[in-house]
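Peer 1: with the input below, show me the fold.
(3 chains)
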Amino acid sequence: MADGTDPLERRLGRDDFLKLAALAGGTTLLAGPAAAARAAGAQLAAESGRLQVLDWAGYGNDGGQAMFAAYVKKHPKNKPQFTYMTNESDALAKMHAGLKPDIFRPYVGWVKYFAQSGLVEPWNPKLIPSFKNLNPFMVKAGQYNGKQYGIPEDWGFDAVLYRSDKVHPKAKSWSLLFDERYKGRIAWFDDLNMLVIAGLLLHIPKPWHMTDSQLDKAQRFLISKKHLARMIWSSETDMDNAFASGDIWIAYAWPNDWVQMRAKKLKVVYMRPKELPVAWVGMLMLGKGTPRRKLAHAYADAWSSTPSAKWLENNYGYGHANIKARPSSSDLLRALQLTNPKAVTEPNAHLDRDIPRRAVYARKWEEVKAS
Amino acid sequence: MNVALSRRGVWLLRSFFAVVVIFLYAPIALLVVFSFNNSQLPSFPLSGFTLHWYHQFLVNADLRSALGTSALVAAISSVGAVLLGVLASIALVRRRFRLKSPVSALLLSPLVIPYVVFGISLLLFFHAAGIPRSVLTVVIGHIVISLPYTILVLMPRLQQIDVSLEEAAYDLGASRLRAFRSVTLPLLLPAVVSAYLIAFTTSFDEYAVASFVVGTRSTFPIFLYSALRFPNQLPQVIAVAVVVISVSLVVVIGAEVGRRVAERRLG
Amino acid sequence: MGRGQGVLTVSEAQARRRRLRPDFTTPGLLGLPLAWLAVFFLVPIAIVGLYSVGRLTLDPGPHTVTLAAWREFLHSPIYLKLFWKSVKMSLVVSVIVVALAYPLAYYLALSGTKRKYVLLLLLIAPFLTSYLLRVLAWKVILGNQGVINSFLFWTGLRSPDHPISQLLYSRFAVMLVLGYIWLPFVALPIFVTLESLDRRLFEAATDLGATRWQTFRRVTLPLSLPGVFAAFLFVFIPTLGEFVTPSLVGGASGYMYGNQIVDLFGTGFPDWQTGSVLALFLLGVVAVLTIVFSRFLQTREVTAG
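Peer 2: All right, here's what the predicted structure looks like:
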């Protein structure tokens, strides 16, 4: 982890010293002492070390290598070093504990929170050539106060995945996650978004802005149904394994999980609930005060490029904000509604958005887990 | 005649003992089997022999770094725990003082605190004191945890060592420290080594407290835990598991045997 | 008089001993260990107390002391119910494990086997290897396609459509794994107690006409109770605060009190005050238990060679 240090604070190793001496000697000959000092300083200030990336499982060296392969090719000395986050809350906790990522990936509902948090700084889109190909609606969603805090990359839905050979839903609805008939076969997602889902089912008009009494209602609903849930997953691969082995028949899931289960030859359906699925857009964010700004932009560019976007759509079943990318299978194209630039928002889906009372929601969700 | 057990009783209990031992070692044996299994999923039927997973984990830099961090923390914290343990044991065994009961209770109390509470207390302490979390904070926590174990190993041995040997040296004019160093310490050495090894294995394997106070580096248990939550590296992790368990079994058994042999010879 | 050679006379030696015996080396010896524990054990616990009453919080700055979090905790149906659930689970595990460990310790101590220490070591060794790895072993064994089930399919005892489900991600899984983890260790205090019983008591009982079973019931068992209580505490207290095993094999229903504490500290919106309350409550219960049971324990029994 020594590679992650700020270059200005890095102690001079012997190599650096020799390099500096050579540099100083060389430039002194050419341009005099002042220039030599400046050049030596510039050598130290050049971005170095591995790029510190805080990302979700599946997007790092555990399967997502194709997304940043172009970056690794151009910057072999600054290969990304990954730490995994289970969700944005977890990322926040890690950053409070001292982690200083150069790049991390919260989702669209958190853009405002992180922009205001002082933990991130805006990107310079001019340094990202592929930026111009990104979906303008999603680009706008990554802005705050006119600055580009988040670069949209992956997008998709939260919906219900179920085994069509074992499960016969009464309706295309989120209520399948709370169906008494399938007690012990259901997996919920470990996130306060479950309260939002409960809100949708209870016909609360603005589930992201619930009052205390509405929150209590949503919480009581979840608590009353908790005995049906076998798992409350925070690790996607954990849930995938449980689903693949048949421990779980119904899950709150992402499109990639549908792709994975189909690859395992399971009969699965990714259901679009009538209350509308929740949509998310991944937003790459730049850590404040990062010593590897240009490298970070290069990484973002690799992720935003058309070949990467195509790979993501073909392999993970997620959409990508790059509108030039089209998956090879028309099946996937239709399922993801990739021809619809507004697929992620009403009336098609509920786009994840800022929850002003997130801390209260978090407490209520913890209580659901405890009950 | 055995007054506590009849022949049949002995036979029954011996069988029960054997069954339990098999039950204890069977999961470990299964891990060994699956570490050589040529498949991503550990399940029957087996799919053929391979050394692939062992090779995989050897080239896994994150794993090696975690092992190194754990070794470092364990080595340093065990030195601290043994040092403090020797001091405390001498006081408890060789000295008479009024508050012996509460003092020994305090020294042994880290044994009974749930690690989740202790981990959190350290987290809050370091946060309030402005000390950033790091390898050092883990070392501090592990010294506290290992201290009772070292005391429990050192005290009985110290009791066995005849105090009059040290007294004799002292009577002959040696200083107290010299008497201790030349007479008692060599006799205590097997227990010191044993205490060090117990502290080492305790620290190396410790997850709960470390997870609260380690900053951004991973110890081996923390790496393991993450690998268990994101099980796409499961076969590799199983290979590591087999290696670590084998090594610790050998170390633990070897250490205990060695200690007994050494103590018998030293008297 | 012989001083030049560094040798003292008898009276000089006795005088020296008498002078220094009420010695001041005890504070010197104990100073460091006690100071370490005071700073890194007692003070942190006190700090948890301060957080629980709001005197200290996550953000710096002065705050007022308030018992609101404690009141909320004691009045909320959720937390105490969760605590009680954890108590029940730990009780079941502890009782079963102690009951299983007793015959093991009895065999080792009283059967007259020559290799008792080797066998004891054999029994305890797994406990000294990695905890997480042993939990991993069970995760592998218990799943729907895990070892148990796939073995049953393979041998035809069950069809692949009907695996024994509910093995993994359940309260049962948590209790099974915790029992497995602690069983080796629990035999130790019972063994030590049985070992230290005076054999002449057994002979005396036999001479008085008692059968082996009567000897056991009237002599051995009562005398070994200190070891049994120690063993019970050794497993009950750690499992009460467990969070690792439940998070790996417990699923939604195996969620324990320790998990809630961890969640309250580990999320992006941590609630350190409530978390501290929960932690201190657990610590309080454990402390009371230890003190109550320590009347039955003798520390001598606990220090195994």
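
Peer 1: which residue ranges of the chain form helices?
Peer 2: Going with chain A. Here chain A has its helices, by DSSP state H, at A:14-45, A:69-74, A:88-96, A:111-117, A:136-141, A:193-201, A:212-225, A:236-244, A:255-263, A:293-304, A:306-316, A:330-336, A:358-370.

Peer 1: let's do chain B instead
Peer 2: B:7-35, B:52-58, B:61-94, B:100-108, B:115-129, B:135-160, B:163-171, B:176-179, B:185-205, B:208-213, B:220-229, B:234-266.

Peer 1: format those as TSV; extra columns: mean neighbour count.
Peer 2: The C-beta positions use only the backbone N, C-alpha and C, and glycine is treated the same way. As requested, the helices of chain B are arranged in TSV below (neighbours: other CB atoms under 10 Å in any protein chain shown):
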stretch	mean neighbour count
helix B:7-35	16
helix B:52-58	17
helix B:61-94	21
helix B:100-108	16
helix B:115-129	24
helix B:135-160	23
helix B:163-171	16
helix B:176-179	14
helix B:185-205	21
helix B:208-213	25
helix B:220-229	22
helix B:234-266	18
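
Peer 1: just tell me which of these ends up closest to chain A.
Peer 2: Taking CB to the nearest CB, helix B:220-229 is the member of the helices of chain B nearest to chain A, at 4.3 Å.

Peer 1: please list the outside residues in contact with stretch B:186-201.
Peer 2: Stretch B:186-201 is contacted by residues B:74-75, B:77-79, B:81-82, B:85-86, B:142, B:146, B:149-150, B:153-154, B:156-158, B:161, B:165, B:185, B:248, B:251-252, B:255-256, B:258-259, B:262-263, B:266-267, C:128-129 when judged by CB atoms under 8 Å, 6 or more residues apart in numbering or on different chains.

Peer 1: one more pass at 6 Å, please.
Peer 2: By CB atoms under 6 Å, 6 or more residues apart in numbering or on different chains, the residues outside stretch B:186-201 that reach it are B:74, B:78, B:81-82, B:85, B:146, B:149-150, B:153-154, B:157, B:161, B:248, B:255, B:259, B:262-263, B:266, C:128.

Peer 1: can you name the residues of the stretch 1-150 of chain B that neighbour chain A?
Peer 2: Residues of the stretch 1-150 of chain B that fall close to chain A, judged by CB under 6 Å from any CB of the partner chain: B:P132, B:R133.

Peer 1: what does the model give the residue in the stretch 1-150 of chain B positioned nearest to chain C for pLDDT?
Peer 2: Going by CB to the nearest CB, chain C is nearest to B:P114 of the stretch 1-150 of chain B, at 2.8 Å. The model reports B:P114 with a pLDDT of 92.

Peer 1: next, count neighbours for C:L123.
Peer 2: Using other CB atoms under 10 Å in any protein chain shown, C:L123 has 23 other residues around it.

Peer 1: quickly find the element holding it.
Peer 2: Assigned by DSSP states H and E, C:L123 belongs to helix C:116-124.

Peer 1: next, the angle helix B:234-266 makes with that helix.
Peer 2: Relative orientation of helix C:116-124 and helix B:234-266, computed by axes from the mean of the first three to the mean of the last three CA atoms, to 10 degrees: 160 degrees.

Peer 1: who are the packing partners of helix C:116-124?
Peer 2: For helix C:116-124, the packing partners by 3 or more CB pairs under 6 Å, 6 or more residues apart in numbering or on different chains; DSSP states H and E come out as helix C:77-110, helix C:171-195.

Peer 1: find me the pLDDT at the residue nearest to B:A71 when sequence neighbours are not counted, would you?
Peer 2: Counting by CB to CB, 6 or more residues apart in numbering or on different chains, B:F204 is the residue found nearest to B:A71 once chain neighbours are left out, at 7.1 Å. Reported pLDDT at B:F204 in the predicted model: 92.

Peer 1: my guess is B:F204 contacts B:L72. True?
Peer 2: No - judged on CB atoms under 6 Å, B:F204 makes no contact with B:L72 at a distance of 10.2 Å.

Peer 1: joint contacts of these two?
Peer 2: Counting by CB under 6 Å, 6+ apart, nothing touches both B:F204 and B:L72.

Peer 1: got the contact list for whichever residue of the stretch 151-300 of chain C sits closest to chain B?
Peer 2: Using CB to the nearest CB, the closest approach of the stretch 151-300 of chain C to chain B is made by C:G241 at 2.8 Å. Counting by CB under 6 Å, 6+ apart, C:G241 makes contact with B:P114, B:V116, C:G258, C:L282.

Peer 1: what sits against the closest residue to A:Y71 other than its chain neighbours?
Peer 2: Leaving aside its chain neighbours, A:Y71 sits nearest to A:A302 (3.8 Å; criterion: CB to CB, 6+ apart). Listed by CB under 6 Å, 6+ apart, the contact partners of A:A302 are A:F68, A:A70, A:Y71.

Peer 1: what's the burial count for the residue of the stretch 151-300 of chain A found nearest chain B?
Peer 2: At 4.3 Å from chain B, A:S235 is the closest residue in the stretch 151-300 of chain A, using CB to the nearest CB. Around A:S235 there are 18 other residues, counting by other CB under 10 Å.

Peer 1: and it, what pLDDT?
Peer 2: At A:S235, pLDDT is 84.

Peer 1: right, and it touches B:L228 too?
Peer 2: No - in this structure, A:S235 is not within contact of B:L228 by CB under 6 Å, at 8.9 Å.

Peer 1: reformat the contacts of A:A302 as TSV; add neighbour count.
Peer 2: Output for those, formatted as TSV (neighbours: other CB under 10 Å):
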residue	neighbour count
A:F68	26
A:A70	17
A:Y71	23
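
Peer 1: just to revisit the earlier point, export the helices of chain B to TSV and tack on distance to C:G251?
Peer 2: Shown next, in TSV, are those (distance: least, CB to CB, whole Å):
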stretch	distance to C:G251
helix B:7-35	20
helix B:52-58	27
helix B:61-94	27
helix B:100-108	36
helix B:115-129	19
helix B:135-160	29
helix B:163-171	56
helix B:176-179	58
helix B:185-205	25
helix B:208-213	20
helix B:220-229	13
helix B:234-266	18
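
Peer 1: mind checking those for the one nearest to C:K114?
Peer 2: helix B:7-35 (12.5 Å; CB to CB).

Peer 1: the closest one - contacts with which helices or strands?
Peer 2: Short answer (3+ CB pairs under 6 Å, 6+ apart): helix B:7-35 packs on helix B:234-266, helix C:77-110.

Peer 1: give me the distance from the shortest one to the chain's centre.
Peer 2: The reference is to helix B:234-266. Centre-to-centre, helix B:234-266 and its host chain are 10 Å apart (CA atoms, centre = their mean, to the nearest Å).

Peer 1: what about it, near chain A?
Peer 2: No - using CB under 6 Å from any CB, helix B:234-266 stays clear of chain A, coming no nearer than 8.4 Å.

Peer 1: kindly report the same for stretch C:167-181.
Peer 2: Yes - interface with chain A: stretch C:167-181 contributes C:Y169 (CB under 6 Å from any CB).

Peer 1: ok, and what's touching that stretch?
Peer 2: A:230-231, C:89, C:92-93, C:97, C:135, C:138, C:142-143, C:239, C:245-246, C:249-251, C:253-254.

Peer 1: now it: how far from the chain's centre is it?
Peer 2: That offset, for stretch C:167-181, works out to 17 Å (CA atoms, centre = their mean).

Peer 1: and that stretch, average pLDDT?
Peer 2: pLDDT averaged over stretch C:167-181 gives 91.

Peer 1: could I get the buried residue list for that stretch?
Peer 2: Neighbour counts over stretch C:167-181 (16 or more other CB atoms under 10 Å in any protein chain shown) mark C:167-181 as buried.

Peer 1: show me the shaky parts of the chain.
Peer 2: I went with chain A, as the question did not name one. For chain A, the stretches flagged by pLDDT under 70 are A:1-46, A:332, A:335-336, A:338-339.

Peer 1: let's do chain C instead
Peer 2: C:1-24, C:60-62, C:144-145, C:161-163, C:165, C:268, C:296-305.
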